[in-house]
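[1] here is the input, now give the coordinates:
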Amino acid sequence: MSRRDRSRRAAFEHLGPLDTLIPISTGSARLTTESDGSVLLDVNGAPSSHLHPDPEHLVFEYMRWMLLVIDRHLEERAAPSTDGDGSSGAPQLAHLGGGGCSLPRAIAARHPRTRQIVVEIDALLAEQVRVWFDLPRSPQLRLRTEDALSALVSWREDRFDVLVRDVFSGTLTPPELTTVETAAHADRVLRDGGIYLANCAAPQGSGLMADEVATLSQVFPHVGVIAEPAHLSGKRRGNCVLLASRRPLPEAIDRDLRSDAVSVRLARRPQVEALARAGRVLQAH
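    A predicted model of the protein is given here:
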């Protein structure tokens, strides 16, 4: 099916009630439809996910950037390996934080051979979004109800090709997921050459982006930042994507980013090093 055909698909057929509060395990959710057939999911008053009838059409900018990196990484992925679950050669991806599963849904559509696990702390929300948005079933996409850090700590080493962190409590990432100890666990569960992607929403003047870069740099030899210039300079709040790996980041990422509707770039190495020097290494209390 072509992308044009997918874009003509009917709107989601099994949505819950619209424009009203829907009880979930951690509070409430709200579904709002847009004129193009897409659906905005708010969780406890904060925008969580935006899903389009075409799974590959991502509305949130930072998710588009993550998908671009994942596309490039999977293209350049080393020779396939065999897992104990029998999924020989299938790239393994994990997502800390689920919401409406916009990004996992897009990856499943674009890379159907991938095997993904999504960790979502809200059991009722996880149950609802699978129906609302007609998400792929296991083994292509598994939903696991658990605290993100607990799941990360429990995973065996060398398990995943890509690990995504997109967890929020309100508008901020829980502090326990930004520490050097968490970064070490991310490194542990990634296969050789695997890549860690983290959504960082740094409030203006907080220095959080620099702190996260400094923290990741303590564990990973190669760290990158995808952000708009105003975000890099700390002049305004915005989502940026942090990248970390034991291997050099794919060289084509910056070129690929030039096709995005937003003026965004992969920060130059001197910029990343300056952020690391300015930040403080975050540690568990």
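
[2] OK, contacts around the closest residue in space to residue 28 that isn't next to it in sequence?
    Nearest residue to residue 28, sequence neighbours excluded (Cβ to Cβ, 6 or more residues apart in numbering): residue 21, at 4.3 Å. (Glycine included, C-beta is placed from N, CA and C.) Taking Cβ atoms under 8 Å, 6 or more residues apart in numbering, we find residue 21 in contact with 28, 29, 30.

[3] can you do 10 Å?
    27, 28, 29, 30, 42, 44, 45 (Cβ atoms under 10 Å, 6 or more residues apart in numbering).

[4] filter those residues down to just the buried residues.
    Neighbour counting by 16 or more other Cβ atoms under 10 Å classes 29, 30, 42, 44 among those as buried.

[5] ok, which pair from those is furthest apart?
    Farthest apart among the buried ones among the contacts of residue 21 by Cβ to Cβ are 30 and 44. That separation is 9.4 Å.

[6] so what pLDDT did residue 77 get?
    As predicted, residue 77 sits at a pLDDT of 73.

[7] err, residue 11, not the other one
    For residue 11, the pLDDT comes out at 73.

[8] my guess is it contacts residue 18. True?
    No. Under the criterion of Cβ atoms under 10 Å, residue 11 is not in contact with residue 18, lying 11.1 Å apart.

[9] which residues do the two both contact?
    Counting by Cβ under 10 Å, 6+ apart, the residues touching both residue 11 and residue 18 are 33, 39.

[10] and residue 241, helix, strand or coil?
    strand (DSSP: H, G, I helix; E, B strand; the rest coil).

[11] and stretch 62-78, how far out from the chain's middle?
    Chain-centre distance of stretch 62-78: 11 Å, with Cα atoms, centre = their mean, to the nearest Å.

[12] do stretch 170-186 as well
    14 Å.

[13] what of stretch 105-125?
    The answer for stretch 105-125 is 10 Å, by Cα atoms, centre = their mean.

[14] max-length helix in this structure?
    Counting by DSSP state H, the longest helix found in the chain is helix 61-75.

[15] just checking, what packs against that helix?
    Contacts defined by 3 or more Cβ pairs under 10 Å, 6 or more residues apart in numbering; DSSP states H and E place helix 61-75 against strand 92-96, helix 102-110, strand 160-165, strand 190-202, strand 222-227, strand 238-245, helix 253-257.

[16] please identify the buried residues of the longest one?
    For strand 190-202, a neighbour-count test (16+ other Cβ under 10 Å) marks 190, 191, 194, 195, 196, 197, 198, 199, 200, 201, 202 as buried.

[17] report the two of the residues you listed separated the most.
    Greatest spacing in those, by Cβ to Cβ: 191 and 202 (28.8 Å).

[18] my guess is residue 232 meets residue 240, correct?
    Yes. Counting by Cβ under 10 Å, residue 232 does reach residue 240; the two are 7.6 Å apart.

[19] mutual contacts of those two, please.
    Listed as contacting both residue 232 and residue 240 by Cβ under 10 Å, 6+ apart are 209, 225, 226, 264, 267.

[20] bridging across strands, which residues link to the second one?
    For residue 225, the beta-bridge assignment (DSSP bridges) gives partners residue 242.

[21] how about the contacts made by it?
    200, 209-210, 212-213, 216, 231-232, 240-243, 265-268, 271-272, 275.

[22] paired strands for whichever strand or helix holds residue 31, with orientation please.
    For residue 31, the host element (DSSP states H and E) is strand 27-33. The pairing partners recorded for strand 27-33 under DSSP bridges are strand 22-24 (antiparallel), strand 39-43 (antiparallel).

[23] just say which of those is most tucked in.
    strand 39-43 (a mean of 20; mean count of other Cβ atoms under 10 Å).

[24] so it versus helix 102-110, what angle?
    Inter-element angle recorded for strand 39-43 and helix 102-110: 140 degrees (by axes from the mean of the first three to the mean of the last three Cα atoms, to 10 degrees).

[25] give the burial count for residue 61, as a bare number.
    18 (other Cβ atoms under 10 Å).

[26] with residue 226 instead?
    Neighbour count for residue 226, taken as other Cβ under 10 Å: 27.
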